[in-house]
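Visitor: any chance you can model this:
(one chain, ligands or ions: 2)
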Amino acid sequence: MIGVSGLSVSYGAVQALRDVSFSAAPGKITTVLGANGAGKTTLLRTISGLVRPRAGEVTLEGDRITGTHAEDIVRRGVGHVPEGRGVIAEFTVEENLRLGSLIVRRSRAERQAAFERLYGQFPVLGERRRQSAGTLSGGERQMLAMARALVAEPRVLLLDEPSLGLAPLVTAELMSTISQLCATTGLTVILVEQNAKSALRIADQAVVLYIGRVVADDRAEVVAADERLRQYYLGLVE
Ligand SMILES: Nc1ncnc2c1ncn2[C@@H]1O[C@H](COP(=O)(O)OP(=O)(O)OP(=O)(O)O)[C@@H](O)[C@H]1O
Ligand SMILES: [Mg+2]
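Guide: Numbering: from 1, shown residues only. Ligands and ions are numbered 1, 2, ... in the order given. As a prediction, the model looks like this:
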């Protein structure tokens, strides 16, 4: 669904990604793991057209999207939930969803139908639709950030550290929500996480980045069982 090949990205003298290649299969969860500064956010921002690579390309169903405007990439079906969620605290839940729907052309009725469908998927957001987003818990805010990206009905969802700052129980619930979303809608997910343990539980494929390079790319259970990866790259020492 998404193909990344030979991607290199630099910020001035800092090279954030070096010759990164992998692919994300349709309807599956591909997790990208790595420590602080590994290049995870840079990778997602490059896929969604916010950062221009120095070399390499990204394809969506075989078509090159590198060089396309970020808005067009969203319109072509790639949704991005940024690190830190980007929810507007002063806006209500529904106003935040409305922001997500600005990018797609729709009638008022179609827009409202999309909101109702999302309230079905995320009942807590339906209950709080008139509440300001600033009053939501961290987990609810992450749900809102995801719902806001889903309003545009993406085929691919890029999630940047959704578990950041959430308690283990809330993280577990969030991961199962992501997993169900994939299973019921056929959505393709690229899940960036530092929390390798949680992400590996729901992912099909796992890519491990270390200082901008891919050091592993395999089925999630194979990565999860690899002692060397666990110890040196994933911080999963028991
Ligand atoms: N706008 C920028 N300008 C300069 N350097 C940057 C910029 N954004 C990121 N970097 C550098 O690029 C490297 C990769 O950063 P990136 O944010 O992609 O890592 P990350 O894996 O998402 O880290 P974290 O887990 O902390 O979010 C880091 O060395 C970082 O300092
Ligand atoms: Mg990051």
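Visitor: check which helix or strand the residue positioned nearest the centre of the chain maps to.
Guide: The chain has residue 159 as the residue nearest its centroid, 1.4 Å off, counting by Cα atoms, centre = their mean. Applying DSSP states H and E as the criterion places residue 159 in strand 156-160.
Visitor: does that strand come close to ligand 1?
Guide: No. Using Cβ under 6 Å from any ligand atom, strand 156-160 never reaches ligand 1; the gap is at least 7.3 Å. (C-beta placed from N, C-alpha, C; glycine too.)
Visitor: list the strands paired with that strand, with their directions.
Guide: Neighbouring strands of strand 156-160 in its sheet, by DSSP bridges, are strand 78-81 (parallel), strand 188-193 (parallel).
Visitor: any chance of the ones you listed in a markdown table, with mean pLDDT and mean neighbour count too?
Guide: Shown next, in a markdown table, are those (pLDDT from 0 to 100; neighbours: other Cβ atoms under 10 Å):
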| stretch | mean pLDDT | mean neighbour count |
| --- | --- | --- |
| strand 78-81 | 96 | 25 |
| strand 188-193 | 98 | 25 |
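Visitor: can I get the ones you listed in a markdown table with distance to residue 170?
Guide: Output for the strands paired with strand 156-160, formatted as a markdown table (distance: least, Cβ to Cβ, whole Å):
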| stretch | distance to residue 170 |
| --- | --- |
| strand 78-81 | 16 |
| strand 188-193 | 14 |
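Visitor: could you pull out the helices for the chain?
Guide: Taking DSSP state H as the criterion, the chain carries its helices at 40-47, 70-75, 93-101, 108-121, 123-127, 138-150, 168-185, 196-202, 220-224, 227-232.
Visitor: figure out which of those helices is closest to ligand 1.
Guide: helix 40-47 (3.2 Å; Cβ to the nearest ligand atom).
Visitor: orientation of the closest one relative to strand 188-193 in degrees?
Guide: Following axes from the mean of the first three to the mean of the last three Cα atoms, to 10 degrees, one obtains 150 degrees for the angle between helix 40-47 and strand 188-193.
Visitor: C-alpha coordinates for helix 40-47, PDB please?
Guide: The C-alpha atoms that make up helix 40-47 are tabulated as PDB, following Å, rounded to 0.1, in the frame of the first residue of the first chain:
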ATOM      1  CA  LYS A  40      10.400   8.100  13.300                       C
ATOM      2  CA  THR A  41       8.600  11.500  13.200                       C
ATOM      3  CA  THR A  42      10.700  12.500  10.200                       C
ATOM      4  CA  LEU A  43       9.700   9.300   8.400                       C
ATOM      5  CA  LEU A  44       6.000  10.000   8.900                       C
ATOM      6  CA  ARG A  45       6.400  13.700   7.900                       C
ATOM      7  CA  THR A  46       8.200  12.600   4.800                       C
ATOM      8  CA  ILE A  47       5.400  10.100   3.800                       C
END
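Visitor: identify all contacting residues around it.
Guide: For helix 40-47, contacts defined as Cβ atoms under 8 Å, 6 or more residues apart in numbering pick out 2, 4, 7, 9, 16-17, 20, 32-34, 51-53, 58, 65-66, 73, 78, 80, 82-83, 158, 160-161, 190, 192, 194, 209, 212.
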